[in-house]
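Student: structure of the sequence below:
(chains A and B)
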Amino acid sequence: MPMVLLNCDKDIPERQKHIYLKAPDEDTRDYLPLSNAATIPGTLSERGCAFCGAKLVIGGVLKDTIQMIHGPLGCAYDTWHTKRYPTDNGHFNMKYVWSTDMKESHIVFGGEKRLEKSMHEAFDEMPEIKRMIVYTTCPTALIGDDIKAVAKKVMKDRPDVDVFTVDCPGFSGVSQSKGHHVLNIGWINEKVDTLEKEITSEYTMNFIGDFNIQGDTQLLQTYWDRLGIQVISHFTGNGTYDDLRCMHQAKLNVVNCARSSGYIANELKKRYGIPRLDIDSWGFSYMAEGIRKICAFFGIEERGEKLIAEEEAKWKPKLDWYKERLKGTKMAIWTGGPRLWHWTKSVEDDLGIHVVAMSSKFGHEEDFEKVIARGKEGTYYIDDGNELEFFEIIDLIKPDVIFTGPRVGELVKKLHIPYVNGHGYHNGPYMGFEGFVNLARDTYNAVYNPLRHLAGVDIRDNAQTTPIILREAA
Amino acid sequence: MKLEDKIEDVFAYTEERCLWQFYSRTWDREENIEGVVNQAIALLSGKPGNREKPMDRLHYADAKIMVDDLRERYTWVNEANEPEIREVMEGLKKRLVDTTITRSTNRELTHHLY
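Tutor: Residues are numbered from 1 along each chain as shown, chains lettered A, B, ... in the order given. Down below sits the predicted model:
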């Protein structure tokens, strides 16, 4: 089956290169959606900006770091609180937001003095916090404010603080993916190997590309503790600035989100010879596989088998209860990129769900190679989908549930199709064994929710009868 | 069962389960395909596998899970002798190189930087 030109795209035929319907006896050598390319004029993209990729996804997760956003207020507010990544120190990162609040006069006369003042104010207000990341934004990049020079001046004035700068304005890439890259490469160039921490285990690793969405990192940490593995750094879920300076000390890099964080794992391998092991942390089968691989690397296989047996005994019956009720459900996944290939087989194998369409906002061609290899025939694979395409795809594949973000989620709710928050989750964590039961529960609650049927009834029409709700009894 | 069908079996498994074939750059993919499949050949032939250096241990870890799964999925794997295993797995290597490197249209594969 060639690439697909949807009816809604007839005036922007370039979109055909971005949408693929998998057919028998085809693979990625034949058809691979064009991706990580500039959004086509005429299509309304769902993408975020490069600054957002650096701040919202990676830097803003840290639990001990001031996130100073050098720009107008909106850049700060719109990348704060839209993802739920708690911490074990009282959610410092979610309580506060910092901005230099650039106004017209600062744009005209330059904002470096304002940035310097803001940095000092923030450190003065929070004397217990000694770490900061400064981000440039579109306007401050355009006027040429030198945030690195300001950071050096502040560090000279305050010898006890450390500041990292991310020079990644929103316009600097085609999507948030550029921000991931800039932060990864900047961090390894400037901060890794600037601190040493105490080593407490002969088994050490960095866990890379997990952002503690609703407690993912904290759940997985219980596994690493039980296995006796010291996690040198979490990049960046529930993580600290200083732990990330010690990444060079680990013996293994375990990567979950290869898209946002694969760059630093590659560089750690190139510069320090630390192997990169990619795993999937969502799903029973995948999680068990990941634990087995980590344990095989360290030669502690027996510990891994014991952990898996304990977790499966506890959670498998609950998972099976949901599987019995969810098998045959048709799911669409419209998220950032990696969750397409992390989830398509795990929901199929563990829950009997059939994924019928997947759309990626910022995935690269590597992500589509992975997801087309894993995904089913008859499924749509879409790069940078827009609203009209979503509506047309819904007509074509009629999903029972859509995993996506709140913005698209609100759209599909109006069509009385339930959505589950595929970015920040409904009620996570979703990783690990317990987490996948949570995902199954939220999917079940969405699919069997009677409200969405009732919302389709026009009570002004007396002739219309209330639809029969087919709800499986618990 | 024909050789091509056995190669198709292990290729289908690898497509479905193995992220190591899809690392970022051509040289990463070549290193992983060579390293993991060679370790798998050793394990499938009843040898212990090489765990000397960190990269050996990495490839061993990926190969160990692969071998366990292949033995569980395909009965012919348990009946094959060492030359047969080597022939199938060398066929897998060629197929993976063709799919993920030689004929891949991924535009980032040969970029000299990460």
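Student: how close does A:I185 get to A:C168?
Tutor: 10 Å (C-beta to C-beta, to the nearest Å). For glycine as for every other residue, the C-beta is placed from the backbone atoms N, C-alpha and C.
Student: I meant to write A:Q214 there.
Tutor: Distance from A:Q214 to A:C168, by C-beta to C-beta: 26 Å.
Student: what does A:H354 give?
Tutor: 38 Å.
Student: same check on A:M331?
Tutor: A:M331 is 33 Å from A:C168, by C-beta to C-beta.
Student: neighbours of residue 32, how many?
Tutor: With no chain named, the answer covers chain A. 22 (other C-beta atoms under 10 Å in any protein chain shown).
Student: should've been chain B
Tutor: 24.
Student: neighbours of the nearest residue to A:T217 once chain neighbours are set aside, how many?
Tutor: Closest residue to A:T217 apart from its sequence neighbours, by C-beta to C-beta, 6 or more residues apart in numbering or on different chains: A:G237 at 3.2 Å. Neighbourhood size, A:G237 [other C-beta under 10 Å]: 26.
Student: mind listing what's buried in the one helix or strand B:E72 maps to?
Tutor: Counting by DSSP states H and E, the element that carries B:E72 is helix B:54-73. Neighbour-count burial for helix B:54-73 flags B:55-67, B:69-70 (criterion: 16 or more other C-beta atoms under 10 Å in any protein chain shown).
Student: contacting residues around it?
Tutor: A:251-252, A:273-277, A:289, A:292-294, A:296-299, B:9-10, B:13-14, B:17-18, B:20, B:31-32, B:35-40, B:42-44, B:49-51, B:77-78 (C-beta atoms under 8 Å, 6 or more residues apart in numbering or on different chains).
Student: any idea where the strands of chain A begin and end?
Tutor: Assigned by DSSP state E, chain A shows strands spanning A:19-21, A:65-70, A:98-99, A:131-136, A:162-166, A:204-210, A:230-236, A:252-255, A:276-278, A:330-335, A:354-360, A:380-383, A:401-404, A:419-421.
Student: list the contacts of A:E301.
Tutor: A:R292, A:C295.
Student: residues of chain B that sit close to chain A?
Tutor: Residues of chain B found near chain A (C-beta under 8 Å from any C-beta of the partner chain) are B:15-17, B:19-20, B:22-25, B:28, B:51, B:54-55, B:57-58, B:60-62, B:64-65, B:98-100, B:103-108, B:114.
Student: which of those are buried?
Tutor: Buried members of the residues of chain B next to chain A, scored by 16+ other C-beta under 10 Å, are B:15, B:17, B:19-20, B:22-25, B:28, B:51, B:55, B:57-58, B:60-62, B:64-65, B:99-100, B:104, B:106, B:114.
Student: please, which helix or strand holds the residue most central in space within chain B?
Tutor: With distances taken as C-alpha atoms, centre = their mean, the residue of chain B nearest its centroid is B:V37 (3.6 Å). B:V37 is part of helix B:26-44, with elements assigned from DSSP H and E.
Student: centre of the chain to that helix, how far?
Tutor: 5 Å (C-alpha atoms, centre = their mean, to the nearest Å).
Student: close to chain B: what parts of the stretch 351-474 of chain A are there?
Tutor: A:H364, A:E365, A:E366, A:E369, A:K370, A:A373, A:R374.
Student: show the buried residues in those.
Tutor: Of those, these count as buried by 16+ other C-beta under 10 Å: A:H364, A:E365, A:E366, A:E369, A:K370, A:A373, A:R374.
Student: in the stretch 1-150 of chain A, which residue sits nearest chain B?
Tutor: A:R29 (4.2 Å; C-beta to the nearest C-beta).
Student: how about that residue: what's its closest non-neighbour residue?
Tutor: B:R103 (4.2 Å).
Student: tell me if I'm right that that neighbour and A:D27 touch.
Tutor: No: the pair B:R103 / A:D27 is not scored as a contact, 9.3 Å apart, by C-beta atoms under 8 Å.
Student: can you get me a residue count around the nearest residue to A:M126 once chain neighbours are set aside?
Tutor: Nearest non-adjacent residue to A:M126, counting by C-beta to C-beta, 6+ apart: A:I66, 6.7 Å away. Other residues lying near A:I66 total 25 when counted by other C-beta under 10 Å.
Student: I'd say A:I66 and A:I133 touch.
Tutor: Yes: using C-beta under 8 Å, A:I66 is in contact with A:I133, at 7.5 Å.
Student: around chain B, pick out the residues from the stretch 201-350 of chain A.
Tutor: Counting by C-beta under 8 Å from any C-beta, the stretch 201-350 of chain A sits next to chain B at A:251-252, A:258, A:262-263, A:266-267, A:270, A:273-280, A:289, A:292-294, A:296-299, A:345.
Student: cool, thanks, talk later.
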